[in-house]
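[1] Sequence and predicted structure are below.
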Amino acid sequence: MTAPTPKPSVSEREARQVAEAAREQDWRKPSFAKELFLGRFRLDLIHPHPMPPAEDAVRGEEFLARLREFCETRIDSARIEREARIPDETIKGLKELGALGMKIDTKYGGLGLTQVYYNKALALVGSASPAIGALLSAHQSIGVPQPLKIFGTQEQKDAFLPRCATTDITAFLLTEPDVGSDPARLATLAVPDGDDHYVLDGVKLWTTNGVVADLLVVMARVPKSEGHKGGITAFVVEADSEGVTVENRNAFMGLRGLENGVTRFHQVRVPAANRIGPEGAGLKIALTTLNTGRLSLPAMCVGAGKWCLKIAREWSGAREQWGKPVAHHEAVGAKISFIAATTFALEAVLDLSSQMADEDRNDIRIEAALAKLYGSEMAWLMADELVQIRGGRGFETAESLAARGERAVPAEQILRDLRINRIFEGSTEIMHLLIAREAVDAHLKVAGDLIDPEKTLSDKAKAGARAGGFYARWLPKLVAGPGRLPRSYAEFHPPGHADLSGHLRYVERGARKLARSTFYAMSRWQGKMETKQGFLGRIVDIGAELFAMSAACVRAELLRTTEDHGREAYQLADVFCRQSRIRVEELFARLWTNTDELDRKVVKGVLSGTYTWLESGIIDPSGDGAWIAEAAPGPSTRDNVHRPIR
């Protein structure tokens, strides 16, 4: 038996250093969200709302029309749910439609859609079948096409992108059985074999699309040696290579058609020409790919919100209780208002972030992360409210409803399908930390050495001088701003429309208060700030609400000046901002009034066994087995369930 290869043993500090080295260090372009966290409300960066070129819009709308017809005539969502598999003929039809190449340039056989229209397409197809939305998203947002577009050589693009655009499904393999958001412990190895090959060994978990993929992006650790820098490195791997085995097709509470599995690599030879970027750049490639790749999840969350609104409207108007439709009862009506207003805001956040990504004038790494975080959390809440509005029918499956003669509304399914979005591509907790790190970047650049225990006194002295100059200029600007002037943003209060100018003044004041709160916390906790995850999470959630309010107001003004629904858009934006302001005020209060310290004490007690008496009186139905499956390298002992679709 092959002896298990010891996993890399790293300290918390070393793990943080790996993550820090992988993130983009510089801000070469402006960022609305970054400025927001620094207390500066740069409305000029998002208003007037950026618009796509006319030719991009025409091409996008033409494809959406074809895709809609395909979704209506060739996607059987109920069958996918029932059989827990997307039919081969459906995937073949998507290939023929060009859906695999939505984001790939036309010169490689793709459709060349903008990010805006790619996201609209995902919202559309995801509403027909979330599993299909996930397949197309994993293929194009994080699979082979995106990293090659950014980091690939011309030879790699010529070799792989035409395949990705027309025939080949791709997958992204980073996670391992014992490695999630801590890539410093990555165990899969890519050992150089001469100058022209690497040999891969390891096991990857939760490989979305991995069961049916033709091409894989694999993250593996190259050992440091003479002539090799080493480090986490990205490779394009042919899925049918000798030594690649899909050992299991995983099953989940939702997205039952998801082709997600466990993939083992045993002595897999990969040409050096298939390495993306230099050795050691793999994690940076992954994070950069996700900057825009994360926008695919809020796209499908927007589609889910629109569907929840449609069902809530139709059902609550037809269902009567106590002499009137349930929609007219305030308890239900409040839920419908929340769904409508939040869907409007989510679409505003998505379209604004996507258009900024297309224009490439702004750095949207924080905006995209906020869109993913906010979209996944709010979509889950909307789906939960829909289930509540539907009552017992919300808990009943569509198949059961149809069997007894009622409309087959899959409300419980959308709740199950959406739940993974709070985990996919960075869990909510990890997103809080990632965004918080970017939000405090300016502070760490000028004062980071002051709280770094490894810096010398000389370094700390220089940092103190830098910090003194920065804060002498920055802090006075947080005292007052346009948000205190009653006539600021007057263009957002046109005659006959709701007044949105007051909400933008609130955002401006909120941004300054947010920055002051962050500065006070850094002064109070200094080096311990990174451990205050509850505080950091609330800081990020406030920023997300302020960003969403800004986007909603800007979108309402765009619709007022370009379409027929300006008055209604203003009303929705007004309601959303009023709801959002209530959440913001609660979050601000919880920055300093919370149970974080008490929670930590309880956690220590739970882990030490202090409260095991509280667990008495139950039966645990869990089966036997390890908490984390053994993933020692070596040949596979299981059948290969890889199922390429030709």
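    Alright, I've got the coordinates. Residues are numbered from 1 along each chain as shown.

[2] in stretch 562-569, what counts as buried?
    For stretch 562-569, burial by neighbour count (16 or more other C-beta atoms under 10 Å) applies to 566, 568-569. To be clear about C-beta, it is placed using only N, CA and C from the backbone, and glycine gets the same treatment.

[3] So for that stretch, mean pLDDT?
    Averaging pLDDT along stretch 562-569 gives 91.

[4] what sits up against that stretch?
    Residues outside stretch 562-569 that contact it (C-beta atoms under 8 Å, 6 or more residues apart in numbering): 344, 496-497, 555-556, 559-560.

[5] what about the residue in the chain sticking out farthest from the centre, distance to residue 331?
    Farthest-out residue of the chain from its mean C-alpha position, per C-alpha atoms, centre = their mean: residue 323, at 43.7 Å. Residue 323 sits 16 Å away from residue 331, going by C-beta to C-beta, to the nearest Å.

[6] Check residue 140 too.
    In terms of C-beta to C-beta, residue 140 sits 42 Å off from residue 331.

[7] what stretches of this structure score poorly on pLDDT?
    Applying pLDDT under 70 to the chain flags residues 1-25, 180-181, 451.

[8] just the strands in it please.
    170-173, 189-193, 197-208, 215-222, 231-238, 244-249, 260-271, 275-276, 320-321, 324-325 (DSSP state E).

[9] Output the contacting helices and strands for the second one.
    Read that as strand 189-193. Secondary-structure packing of strand 189-193 (3 or more C-beta pairs under 8 Å, 6 or more residues apart in numbering; DSSP states H and E): strand 197-208, strand 215-222.

[10] Would you mind putting the CA coordinates of that strand into PDB?
    In PDB, the C-alpha atoms belonging to strand 189-193 read as follows (Å, rounded to 0.1, in the frame of the first residue of the first chain):
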ATOM      1  CA  LEU A 189       1.500  17.600  -6.500                       C
ATOM      2  CA  ALA A 190       2.800  18.400 -10.000                       C
ATOM      3  CA  VAL A 191       6.400  17.100 -10.100                       C
ATOM      4  CA  PRO A 192       8.500  18.200 -13.100                       C
ATOM      5  CA  ASP A 193       9.600  15.300 -15.300                       C
END
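
[11] List the buried residues for that strand?
    The neighbour-count check on strand 189-193 (16+ other C-beta under 10 Å) flags 189-192 as buried.

[12] Take these and write them to TSV, including distance to residue 32.
    Formatted as TSV, the buried residues of strand 189-193 follow (distance: C-beta to C-beta, whole Å):
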residue	distance to residue 32
189	41
190	39
191	44
192	43
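
[13] between residue 140 and residue 331, who's got more neighbours?
    residue 140 (27 against 9; other C-beta atoms under 10 Å).

[14] residues in contact with the nearest residue to that one once chain neighbours are set aside?
    Leaving aside its chain neighbours, residue 140 sits nearest to residue 103 (4.7 Å; criterion: C-beta to C-beta, 6 or more residues apart in numbering). Contact analysis of residue 103 by C-beta under 8 Å, 6+ apart lists 110-111, 113, 115, 118, 140-141, 145-146, 149.

[15] follow-up on the earlier one: would you mind listing which of the contacts of stretch 562-569 are buried?
    344, 497, 555-556, 559-560.

[16] right, and the pair among these with maximum separation?
    344 and 497 (14.7 Å; C-beta to C-beta).

[17] need the contact list for the nearest residue to residue 370 once chain neighbours are set aside.
    Distance criterion C-beta to C-beta, 6+ apart; nearest residue to residue 370, sequence neighbours excluded, is residue 544 at 4.9 Å. Each residue near residue 544 by C-beta under 8 Å, 6+ apart is listed here: 370, 373-374.

[18] which among these gets closest to residue 421?
    Closest to residue 421, out of all of the contacts of residue 544 and judged by C-beta to C-beta, is residue 373, at 10.0 Å.

[19] is it true that the closest one touches residue 434?
    No. Using C-beta atoms under 8 Å, residue 373 is not in contact with residue 434; the gap is 9.0 Å.

[20] Name the residue in the two with the higher neighbour count.
    A direct count of neighbours by other C-beta under 10 Å for residue 373 and residue 434 places residue 373 higher, at 27 against 22.

[21] hang on, the earlier thing: could you report the separation of the residue farthest from the centre of the chain from residue 329?
    Separation of residue 323 from residue 329 (C-beta to C-beta) stands at 10 Å.

[22] try residue 185
    Residue 185 is 53 Å from residue 329, by C-beta to C-beta.

[23] Looking at the two now, which is surrounded by more residues?
    The neighbour count for residue 185 versus residue 329, taken as other C-beta under 10 Å, is higher for residue 185 (17 against 13).

[24] Go ahead and confirm the more buried one touches residue 177.
    No. Between residue 185 and residue 177 no contact is recorded; they are 11.1 Å apart, counting by C-beta under 8 Å.

[25] residues in contact with the closest residue to residue 104 other than its chain neighbours?
    Distance criterion C-beta to C-beta, 6+ apart; nearest residue to residue 104, sequence neighbours excluded, is residue 110 at 2.7 Å. The contact partners of residue 110, taken as C-beta under 8 Å, 6+ apart, are 98, 101-104, 145, 161, 164-165.

[26] Let me see the contact set for the closest residue to residue 88 other than its chain neighbours.
    Closest residue to residue 88 apart from its sequence neighbours, by C-beta to C-beta, 6+ apart: residue 645 at 5.2 Å. Contact partners of residue 645, counting by C-beta under 8 Å, 6+ apart, are 88, 91-92, 169, 212.

[27] Then residue 99?
    67, 121, 125, 136.

[28] just the buried members of the residues you listed?
    Buried members of these, counted by 16+ other C-beta under 10 Å: 67, 121, 125, 136.

[29] residues touching the first one, list them.
    By C-beta under 8 Å, 6+ apart, the contact list for residue 67 reads 97, 99, 121, 124-125.

[30] what's the closest of the residues you listed to residue 287?
    Sorting the contacts of residue 67 by how near they are to residue 287, with C-beta to C-beta, puts residue 121 at the top with 24.8 Å.

[31] Would you confirm that that closest one contacts residue 63?
    Yes. The pair residue 121 / residue 63 is scored as a contact, 6.7 Å apart, by C-beta under 8 Å.

[32] any common contacting residues for the two?
    Jointly contacting residue 121 and residue 63 under the rule C-beta under 8 Å, 6+ apart are 102, 113.

[33] With respect to residue 227, which of the buried ones among the contacts of stretch 562-569 is nearest?
    Of the buried ones among the contacts of stretch 562-569, the one sitting nearest to residue 227 (C-beta to C-beta) turns out to be residue 555, at 53.5 Å.

[34] quick one: that closest one and residue 576, what's the gap?
    Taken as C-beta to C-beta, the span from residue 555 to residue 576 is 10 Å.

[35] Need the residues touching each of those two.
    residue 344.

[36] Give the full set of residues in contact with the nearest residue to residue 390 once chain neighbours are set aside.
    The shortest distance from residue 390 to any non-neighbouring residue, by C-beta to C-beta, 6+ apart, is to residue 411 (5.1 Å). Contact partners of residue 411, counting by C-beta under 8 Å, 6+ apart, are 311, 383, 386-387, 390, 393-394.
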